[in-house]
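J.: This is the structure alone, sequence omitted:
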């Protein structure tokens, strides 16, 4: 089966000189929930942005579903950034209209149902919503798409534990087994039960990659414990 | 996709701009009424306060009538900045559109709003000046006579019907090209400001724009001055038409150049950190 994401010798250097990704070569399969895990500044967000088409690689190539990054890949990639990108002057209903207009795979009925369950009023302006509610609106917009690849950058950071559970269940409920979710987070213990596999990334390189079940079975550790062990070595 | 993008941009901006247009037209009407009242009513010394009040209303509304369309131009620039450089750019650049389509949509919608702003300015000038000209002029000066005088203004420099059409078309193209070049330069400077600066991106964009505007304006003027149009075509009338066409060509070319550079920057250099 063709991989959903292919990176070949992918490097990204920002103008200030820091190498955020360093000769990264990897492939991600279809139909998995993959944790993208690593300490701050390891290159997680850079990899997600390159895949979403928000950054241009300094060197190397990246392809989604066999296509170079462009309008065609953006049509099948659903990206949730770690910041609010919705215009504060727009109403929630207008955001739904916008996604319906531009994304052929957007399921408006599903989005409206999720918003109803979250008690988010669709006639409210984004600027009057709390930060947590804005994040939920964005998550709903992103997960209501029938995308082939979901890129979720810290989807549960900054929200209370109850909301975390809701967000993770939303992700699982709306996840299509043909799709792939690449999920970046620091809160490993919260997500490890939903992950099929994981990538540990440090200094722009993948240093470890396996299935979550393999860590449990072979090492007798949780993913969180394994993460702490691996990155404690680096910290020392 | 381009049509969807243009429609979205127009929809996003229309609420603010229509309000500005209505404010502008309202100010022009009030200003015009104030001018007419001042022309019809002769104030006694005791009513100096009323005259002052009327003057103040007239001044403020006059200002409002012409500031509002300028505010539209500023808003067009701010809208582009928000959608291309700030966090909202995350949505702009994850839509399934190419950088070329995104930029073309912004250019087309921005041009439409700028043309509307210019048209509002002209309408305002007519609303303010025509009634007061009639009030202040002698009794036998009618609306028909005024319209005739305006028509003569556009016809007078030319000796034939063909030249009237050609000359006025050339002047129109020249004005449009100059206006579009300003929009393309504003967009380019905002994009480049977003690439160059990590902080104060808007300020860098504004500084770049003013620097580039002075430089390009001077360069264009120098190019235009280097032509001896009358020597080239033999008559003042033809020289004027040629001047307008060359001006339109120069600014049109400059607009295309700015647009292409901007497209290249958006495709290859703009990184949303």
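T.: Arrived safely, thanks for sending. Quantities reported herein were computed from a predicted structural model and do not represent experimental measurements.
J.: ranges for the strands of chain A?
T.: A:5-13, A:19-28, A:33-37, A:59-64, A:67-68, A:77-80, A:149-153, A:180-184, A:197-202, A:205-211 (DSSP state E).
J.: Neighbouring strands - and their directions - for the third one?
T.: As defined by DSSP bridges, the strand partners of strand A:33-37 come to strand A:180-184 (parallel), strand A:197-202 (parallel).
J.: Adding distance to residue A:57, write the ones you listed out as JSON lines.
T.: (Glycine included, C-beta is placed from N, CA and C.) As requested, the strands paired with strand A:33-37 are arranged in JSON lines below (distance: least, C-beta to C-beta, whole Å):
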{"stretch": "strand A:180-184", "distance to residue A:57": "17"}
{"stretch": "strand A:197-202", "distance to residue A:57": "16"}
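J.: highest average neighbour count across these?
T.: Per residue and on average, the most neighbours among the strands paired with strand A:33-37 fall to strand A:180-184, with a mean of 25 (mean count of other C-beta atoms under 10 Å in any protein chain shown).
J.: who wins for proximity to residue B:132 among the strands paired with strand A:33-37?
T.: For the strands paired with strand A:33-37, proximity to residue B:132 was assessed by C-beta to C-beta; strand A:180-184 is nearest, at 66.0 Å.
J.: what residues does the closest one touch?
T.: With C-beta atoms under 8 Å, 6 or more residues apart in numbering or on different chains as the test, strand A:180-184 has contacts from A:4-5, A:28-37, A:44-45, A:48, A:51, A:148-155, A:171, A:175, A:191, A:195.
J.: May I see the strands paired with strand A:33-37 arranged in TSV, with mean pLDDT as well?
T.: Converted to TSV, the strands paired with strand A:33-37 look like this (pLDDT from 0 to 100):
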stretch	mean pLDDT
strand A:180-184	91
strand A:197-202	89
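J.: wait, which of those strands is closest to residue B:173?
T.: Closest approach to residue B:173 among these (C-beta to C-beta): strand A:180-184, 51.4 Å.
J.: and the most centrally placed residue in chain A, what does it touch?
T.: Taking C-alpha atoms, centre = their mean, the centroid of chain A lies closest to residue A:152, which sits 1.7 Å from it. Residue A:152 makes contacts with A:80, A:142, A:171, A:181-184, as judged by C-beta under 8 Å, 6+ apart.
J.: Not including adjacent chain positions, what is the nearest residue to residue B:268?
T.: Computed as C-beta to C-beta, 6 or more residues apart in numbering or on different chains, the closest residue to residue B:268 that is not its neighbour in sequence is residue A:56, at 5.7 Å.
J.: and that neighbour, how many neighbours?
T.: Residues lying near residue A:56 (other C-beta atoms under 10 Å in any protein chain shown) number 15.
J.: isn't it right next to residue B:269, touching?
T.: Yes: Residue A:56 lies in contact with residue B:269 (C-beta atoms under 8 Å); the separation is 7.4 Å.
J.: and residue 43, what pLDDT?
T.: In the absence of a named chain, chain A is used. In this model, residue A:43 is scored at 88, pLDDT.
J.: I was after chain B.
T.: With respect to pLDDT, residue B:43 scores 54.
J.: The one 4 residues further on too?
T.: Residue B:47 carries a pLDDT value of 65.
J.: Could you pull up the contacting residues of residue B:70?
T.: Contacts for residue B:70 (C-beta under 8 Å, 6+ apart) come out as residue B:117.
J.: Can you name the element that comes right after whichever strand or helix holds it?
T.: Here residue B:70 sits within helix B:48-84, counting by DSSP states H and E. Downstream of helix B:48-84, the next assigned helix or strand under DSSP H and E is helix B:89-92.
J.: Thanks a lot, see you next time.
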